[in-house]
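# dropping the sequence and predicted coords here.
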Amino acid sequence: MLSLILSAIVVLISFDGLKPSQVTPEIAPLFYALKQNGVDAAYMEPSFPASTFINHASLITGCTTEEHGIVSNAFIDSKEGEFRMSNDAKWQECEPLWAAASRQKIKNASYVWPMTSGDWHGIKPTYAVETPTERKKADRFFRHFDNKKEWGQILDWLKLPEEKRPQLILGYFPDVDGAGHRFGPEAPQTLNVVKKYDRQFAQFLKAAQKLPYYNEIDFVIVSDHGMALGTKPVDTDIIFDPLKVTTTTSSGTYINFYTKDAQELNATKNFLKKFPQWHVYSADAFPKHWHYNNPRSGNLVLTVDPPYYLVSQKKLPKKKTFGYHGYDPQFPEMRAFFAAWGPHFKKTNLKNIKNIDVAPTIAKILKISFQDKRSGKPINSILSN
């Protein structure tokens, strides 16, 4: 049978904070069934630290943290200044998949995928719905995120005539992460969000199935990280009160320290090592599996293990946070979700995959080549002949 379309289409959807353990026949029957009939990975290994911007960069570039340079949700670059959950694409030091597509005249679309605002080395997505660039507006945007509008926009992109239709579509949905932070990863309120997304995706697929070329579309569903229940607070005031070294913090689970003064660095390291509540690593001794050797990472990194989390007792938030991420990816609680199905995927059961292999796998399907090297490789074992 001749294909109804000339070119492959891949829809990549990210549900921020979705854990593999949350996808069960009772909670998310559609997601569970699609996994069983496609590529079923028990889990996907995130990059360190297991936070949102880092791992969306890894997912879309195929690069490790040290390669793409998004080392935290907040960090300091010696030339560009401070990054703090910016959606500006320029911060990525590896070519994103959508930029490689645009460069090769392959149409693509993004609905608020992190760091697709602006351009990357002068290249923009073909179509993009962006978050507001001003921080307060962006916060309001995510508090009132319109899921139905996004599903409708993705469907509209798929309905475009072939000469205008994107071959790569990126979608991002934040609500599982938000509920996980507020209530905890296994709380009924969080699981209800997973149920909501499962129902919405079912409605979206029902509408998409009316397209004459529906069976030619590949779908990849991912998350960026998992979530752990934080039960043991660690007071950061014992750090910040005596120390004056520049720091950035993110996700309440790690701190990056920046200093150019060797004496100050040694004093800081010696001071921090007095406390058993955390681990302290200097830049020349980061754990190898972190792949974290980038100037943006700072001179020292402090981390805690779940169920510990970092909090200033002097600046306690108005609402208690129960869920935390950003820990070492080796902790099972940080495992991310992955499923894929469509004409280019074969039914496969895998123990796990790495998130840096997602972009190269999609690139192989769409015949996209990157202009620079990266650690991620196509997962050939899940691709059909």
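Received the coordinates, thanks.
# before we move on, what SS does residue 218 have?
Per DSSP: H, G, I helix; E, B strand; the rest coil, the secondary structure class of residue 218 is strand.
# ok, and the closest non-adjacent residue to it?
Spatial nearest neighbour of residue 218, excluding adjacent residues (CB to CB, 6 or more residues apart in numbering): residue 342 at 3.2 Å. C-beta coordinates here come from the backbone N, C-alpha and C atoms, glycine included.
# now the one you found: how far from residue 12?
11 Å (CB to CB, to the nearest Å).
# any low-confidence regions in this structure?
For the chain, residues meeting the criterion pLDDT under 70 lie at 1-6, 132-145, 249-250, 318.
# any idea which helix is longest in it?
helix 188-208 (DSSP state H).
# show me how far it is from its chain's centre.
Here the centre of helix 188-208 is set off from its chain's centre by 19 Å, with CA atoms, centre = their mean, to the nearest Å.
# which positions in it come out as buried?
190-191, 193-198, 200-201, 204-205, 208 (16 or more other CB atoms under 10 Å).
# pick out the most distant pair among these.
Using CB to CB, the buried residues of helix 188-208 span at most 26.9 Å, a distance reached by 190 and 208.
# hang on, the earlier thing: helices and strands around the longest helix of the chain, which ones?
helix 29-36, helix 147-159, helix 175-183 (3 or more CB pairs under 8 Å, 6 or more residues apart in numbering; DSSP states H and E).
# downstream of the second one, the next helix or strand is which one?
In this case it means helix 147-159. For helix 147-159, the following helix or strand on the C-terminal side (DSSP states H and E) is strand 168-173.
# now do the first one
As assigned by DSSP H and E, the chain's next helix or strand after helix 29-36 is strand 39-45.
# nearest residue to residue 87 in space, please, no chain neighbours.
That would be residue 117: by CB to CB, 6+ apart, it lies 4.0 Å from residue 87.
# is it true that that neighbour touches residue 124?
No - using CB atoms under 8 Å, residue 117 makes no contact with residue 124, being 9.3 Å away.
# which one of these two has more residues nearby?
Neighbour totals were compared for residue 117 and residue 124, and residue 117 leads with 21 against 17 (other CB atoms under 10 Å).
# okay, and the beta partners of the more buried one?
Beta-bridge pairing for residue 117 (DSSP bridges): residue 88.
# buried sites along stretch 151-160?
151, 153, 154, 155, 157, 158.
# contact partners for residue 151?
200, 201, 203, 204 (CB atoms under 8 Å, 6 or more residues apart in numbering).
# how about the contacts made by the first one?
For residue 200, the residues meeting the contact criterion (CB under 8 Å, 6+ apart) are 147, 148, 151.
# and the gap between it and residue 27?
Taken as CB to CB, the span from residue 200 to residue 27 is 14 Å.
# now swap in the second one and tell me
Using CB to CB, we find residue 201 at a distance of 13 Å from residue 27.
# likewise residue 321?
Counting by CB to CB, the gap from residue 321 to residue 27 is 22 Å.
# list the contacts of residue 53.
70, 72, 73, 85, 114, 115.
# now secondary structure too, for the residues you listed, in a markdown table please.
Output for the contacts of residue 53, formatted as a markdown table (three-state DSSP):
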| residue | secondary structure |
| --- | --- |
| 70 | coil |
| 72 | coil |
| 73 | coil |
| 85 | coil |
| 114 | coil |
| 115 | coil |
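# ok, back up a step: of all the contacts of residue 151, which comes closest to residue 350?
residue 201 (21.7 Å).
# list the contacts of the closest one.
Contacts of residue 201 by CB under 8 Å, 6+ apart are 13, 30, 31, 151.
# apply 10 Å and report the result again.
13, 15, 28, 30, 31, 34, 151, 173, 208, 219, 221 (CB atoms under 10 Å, 6 or more residues apart in numbering).
# report the beta-bridge partners for the last one.
Per DSSP bridges, the residues bridged to residue 221 are residue 13, residue 339.
# returning to what we had before: measure the residue nearest to residue 87 to residue 251 for me?
In terms of CB to CB, residue 117 sits 22 Å off from residue 251.
# please enumerate the helices of this protein.
Using DSSP H, helices in the chain cover 29-36, 52-61, 65-68, 97-103, 135-143, 147-159, 175-183, 188-208, 237-240, 262-272, 358-366.
# just checking, what packs against the third one?
Going back to what we said before, that points to helix 65-68. Here helix 65-68 touches helix 52-61, going by 3 or more CB pairs under 10 Å, 6 or more residues apart in numbering; DSSP states H and E.
# tell me the spacing between the residue nearest to residue 218 and residue 42.
20 Å.
# next: residue 295.
Counting by CB to CB, the gap from residue 295 to residue 42 is 35 Å.
# what does residue 219 give?
19 Å.
# between these two, which one's more packed in?
Shown here are residue 219 and residue 42; by other CB under 10 Å, residue 219 has more neighbours (20 against 13).
# quick one, what contacts that one?
9-13, 34, 38, 169, 201, 205, 208, 339-342, 345.
# now it. Nearest residue, chain neighbours left out?
Of all residues not flanking residue 219 in the chain, residue 11 sits nearest, at 5.1 Å (CB to CB, 6+ apart).
# and residue 207, by the same measure?
Per CB to CB, 6+ apart, closest to residue 207 is residue 155, 5.6 Å.
# same question for residue 89.
residue 120 (4.2 Å).
# number of residues surrounding the one you found?
By other CB under 10 Å, the residues close to residue 120 number 22.
# number of nearby residues for residue 253?
27.
# got a list of what it touches?
49-51, 228, 230, 234, 278, 302-306, 308-310, 324-328, 334.
# tell me which of the residues you listed fall in strands.
228, 234, 302, 303, 308, 309, 310, 324 (DSSP state E).
# hmm, residue 251 and the last one touching each other?
Yes - contact between residue 324 and residue 251 holds when scored by CB atoms under 10 Å: they sit 6.4 Å apart.
# residue contacts, residue 362?
Shown in contact with residue 362 (CB under 10 Å, 6+ apart): 8, 10, 12, 59-60, 62, 97, 101, 167-168, 218, 220, 340, 344, 368, 378.
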